[in-house]
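Asks: Mind folding the following:
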Amino acid sequence: MPTNARRWVLASRPEGKPRLENFRLEDFTLPDPGEHELLIRTEFHSVDPGMRSRLSGASYAAALPLGETIDSAMVGVVEISNNEKFKPGDRVTGGFGWVSHALSNGRGIQKLDPALYHGRLRPTAAIGVLGIPGLTAYFGLLDLGKPRAGDTVLVSSAAGPVGATAGQIARMKGCTVIGIAGSAAKCDYVSGLGFDGTINYRGTTNLTEAIREACPSGVDIYFDNVGAGTLDAAILNMKEHGRIVVSGQVAEYNRTEPVGIRNVTRFITHRLRMEGLVVFDYFKGFRDAQAEMAGWIHEGKLTYTEDVSEGLENSAAAFIGLFEGENLGRRLIKVS
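Replies: Sure, this is the predicted structure:
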């Protein structure tokens, strides 16, 4: 029989920071699965700051149309299957968005292997540390940053899932790692991950000087998740031939006019290189990267934190809270 479901859609385009009225929670009905189709019940879905730009216009992907389901990753359980590749009870992950249930023909769905996801590695890691945030950290740091033992690595938004993962990988590569975060509690969390030092950007009036004190010999790699003034302060502390990895720009997402960067001359005098990434460009390497990171997690070398809100009805508020700095680690919604 048909399934009663719920989903969040884009009701209006945000101007500045998103508001609750920009989103709408709708009831809808899914038909019975057809030939080769399966019905998935969502257990968890993610809320992602990088989705913000698509709510207002085109980004690395097309703008989300009004009335469409908000995109995100999810982990769910197959309830009904007419697809020979899946059976009821299989736990899967896919990109179905902020929904309670999804209907699929099986394309783009990954079955989670119980032999991998156990112990320290929870199934939700598939949309966190082994999903887009963790893979962004992995490829951004290793491919663009190219860390060497002895390098000094500076990471902004270090308490977030991307920054926390990038910093821990840098430590494994023999680097000195300094994390920038927005509160004393977040700095304590980052220190507990093994970072060599932290900077509470809300506790300083001169971030450039605070970075200089924390990185007296300069910065070899700046892993940028923030942009704006934090990026400018980092540029002024880069060593010659330093590498800047642009992973995110959370300080810019809600601005109608971006701040951008001012200290461009430094790129000439210090021969700096700055490059951004869209992690899907590395799709062919995802499986190998996930296997390596899973090994690190099971060995206790890489840890991760999840910030879970209860109930699909709280998805929009949890997303908005990302831009208030509420979350510690990967923010997820527990749907069922």
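
Asks: Run through the neighbouring helices and strands of the helix or strand of the chain with the lowest mean pLDDT.
Replies: Every helix and strand in the chain was compared by mean pLDDT, DSSP states H and E; the lowest is helix 52-56, with a mean of 90. Helices and strands in packing contact with helix 52-56 are not found; criterion 3 or more Cβ pairs under 8 Å, 6 or more residues apart in numbering; DSSP states H and E. Quick note: C-beta positions are derived from backbone N, CA and C, even for glycine.

Asks: Just give me how far that helix sits from the chain centre.
Replies: 15 Å (Cα atoms, centre = their mean, to the nearest Å).

Asks: just stretch 68-88 next, same as before
Replies: That offset, for stretch 68-88, works out to 22 Å (Cα atoms, centre = their mean).

Asks: Adjust the sequence numbering to begin at 243 for everything that follows.
Replies: Done: numbering now begins at 243, and the last item shifts to stretch 310-330.

Asks: Could I get the buried residue list for that stretch?
Replies: 311-320, 322-323, 325, 328 (16 or more other Cβ atoms under 10 Å).

Asks: how is this protein carved up into domains?
Replies: 245-370+546-576, 376-522 (automatic domain parsing).

Asks: Can you tell me which of these is packed in deepest?
Replies: Neighbour counts (mean count of other Cβ atoms under 10 Å) averaged over each of those peak at domain 376-522, with a mean of 20.

Asks: Just the endpoints, please. Distance across that domain?
Replies: Separation of the first and last residues of domain 376-522 by Cα to Cα, to the nearest Å is 12 Å.

Asks: thinking again about what came up before, next structured bit after the least confident helix or strand of the chain?
Replies: strand 316-323 (DSSP states H and E).

Asks: Now tell me what touches the very next helix or strand once past that following strand from outside.
Replies: Scanning forward in sequence from strand 316-323 by DSSP H and E, the next helix or strand is strand 333-336. Contact with strand 333-336 is made by 282, 285, 315-320, 328, 344, 346, 350-354, 356, 359, 365, 368-369, 373, as judged by Cβ atoms under 8 Å, 6 or more residues apart in numbering.

Asks: Which residue lies nearest the spatial centre of the protein?
Replies: Pro375 (3.4 Å; Cα atoms, centre = their mean).

Asks: Tell me if I'm right that it and Ala408 touch.
Replies: No - look at Pro375 against Ala408 with Cβ atoms under 8 Å: they stay out of range, at 9.7 Å.

Asks: remind me which residues of this protein are low pLDDT?
Replies: For the chain, no stretch has pLDDT under 70.

Asks: so what's the backbone phi/psi at the closest residue to Phe265 other than its chain neighbours?
Replies: Distance criterion Cβ to Cβ, 6 or more residues apart in numbering; nearest residue to Phe265, sequence neighbours excluded, is Ala558 at 4.0 Å. The phi/psi pair for Ala558 (degrees, to the nearest 10) reads phi -60, psi -40.

Asks: how close does Ala558 sit to Asp332?
Replies: According to Cβ to Cβ, to the nearest Å, Ala558 and Asp332 sit 29 Å apart.

Asks: Looks to me like Gly382 is in a helix.
Replies: Yes - counting by DSSP: H, G, I helix; E, B strand; the rest coil, one finds Gly382 located in a helix.

Asks: Double-check it against Ser489; I have them as touching.
Replies: Yes - look at Gly382 against Ser489 with Cβ under 8 Å: they come within range, at 5.0 Å.

Asks: residue ranges of the strands in the stretch 443-578 of the chain, please?
Replies: Listed in chain order, the strands of the stretch 443-578 of the chain (DSSP state E, counting those that start in this stretch) span residues 461-466, 480-488, 515-518, 548-552, 572-576.

Asks: Would you mind putting the ones you listed into a markdown table with distance to Ala303 alongside?
Replies: As requested, these are arranged in a markdown table below (distance: least, Cβ to Cβ, whole Å):
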| stretch | distance to Ala303 |
| --- | --- |
| strand 461-466 | 21 |
| strand 480-488 | 17 |
| strand 515-518 | 15 |
| strand 548-552 | 25 |
| strand 572-576 | 20 |
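
Asks: nearest to Arg248, of the ones you listed?
Replies: strand 572-576 (11.9 Å; Cβ to Cβ).
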